[in-house]
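> Got a predicted structure plus its sequence, pasted below:
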Amino acid sequence: RAVYGDHPYSRSDQGTRQSIAAITQDDLKALHKAVFARGELHVAVVGAIDPETLKKKLDLVFGDLPQNPALAPVADVTPALAQRVEVSYDLPQTSLQLAWPGVKRNAADFFPAVLMNRILGAPFTSRLWQEVREKRGLAYRVKSSLVNQDHADALIVTTGTRSDRAAETLGIVRDVVKRLAEDGPTEAELAASKKYLIGAYAINNLNSSSSIAATLVELQVDDLGIDYMQRRTGLIDAVTRDQVKAVAKKLLSSEPSIMVVGPPLAAAGKG
């Protein structure tokens, strides 16, 4: 709610005790009628089936659906940054979440942002992982994520640490982000991140029939084109250190929203 206000993104996708209890059979029927339509349908099929047989199967399953869905319009929203939200909760571990601006999936600097995000907060090799976990043992897990939604984008850093060292951890996270925003990555960091993103794609996206199908649907939803997998390596290889440095400065120089769940930081130590 702090970041998205009254926008639908502020609501839990798990619902509430009251909203779940109030759902009726008629509500589910109305939702089905509004959502399931051929006009917004994306299909990917992987397996031993020929095109003519597939056409008949698709018509059988989806042919009776209406042409267009009847969805309520949803406005774009810019996450509200530069705020601090602390939820006082007597826990031995404090949860920290920081939000910066994101980048749209179709933006020219999307791949520079992806590489920057990996350098900042990927598991095992990133700056946050090294500074927070490896050097100081402050957290089991710390990561940054680019969040691309239909109506909002953000870069999120999350971690959890002992409550008596939460303020220290928060200070280290902010310092790591500040240095990347000011100095950008090293050439070695950029080269390693490119190598991983290129090499891991087949392992992560094409290692089973279901993952191939999911990837093909994603390409359609994001309107990336049927030749995206052939172009992807070149798009990543073409990114320069200056481009990554520029997008780091653009996104990470902003004052983030900081959300803390745990004992008050003032009582948790200095940092």
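Great, that's in hand.

> Can you list the buried residues in stretch 146-153?
Buried residues in stretch 146-153, defined by neighbour count with 16 or more other Cβ atoms under 10 Å: 146, 148, 152, 153. Using the backbone N, CA and C atoms, a C-beta is placed for each residue, glycine as well.

> between the residues you listed, which is closest to residue 59?
residue 148 (32.8 Å; Cβ to Cβ).

> In three-state terms, label residue 147 for me.
Assigned with DSSP: H, G, I helix; E, B strand; the rest coil, residue 147 falls in the strand class.

> Identify the residues contacting it.
By Cβ atoms under 8 Å, 6 or more residues apart in numbering, the contact set of residue 147 is 102, 153, 154, 155, 156.

> Neighbour-wise, give me the winner out of those.
Each of the contacts of residue 147 was scored for neighbours by other Cβ atoms under 10 Å, and residue 155 scores highest at 25 neighbours.

> Next one: that residue, what pLDDT does it get?
Looking at residue 155, its pLDDT reads 98.

> residues in contact with the closest residue to it other than its chain neighbours?
Using Cβ to Cβ, 6 or more residues apart in numbering and skipping the chain neighbours, the partner closest in space to residue 155 is residue 100 (4.4 Å). Going by Cβ under 8 Å, 6+ apart, residue 100 touches 81, 154, 155, 156, 157, 177, 251, 252, 254, 256.

> pretty sure residue 98 is in a helix, no?
No: with three-state DSSP as the criterion, residue 98 is strand rather than part of a helix.

> before we move on, the earlier item: put together a markdown table for the contacts of residue 147, with distance to residue 163 on each row.
Shown next, in a markdown table, are the contacts of residue 147 (distance: Cβ to Cβ, whole Å):
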| residue | distance to residue 163 |
| --- | --- |
| 102 | 29 |
| 153 | 31 |
| 154 | 26 |
| 155 | 25 |
| 156 | 21 |
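
> among those residues, which are in strands?
Cross-referencing those against strands under DSSP state E gives 153, 154, 155, 156.

> Out of the buried residues of stretch 146-153, which two are the most distant from each other?
146 and 152 (12.0 Å).

> Pull up the overlap in contacts between these two.
Taking Cβ under 8 Å, 6+ apart as the criterion, residue 146 and residue 152 both touch residue 102.
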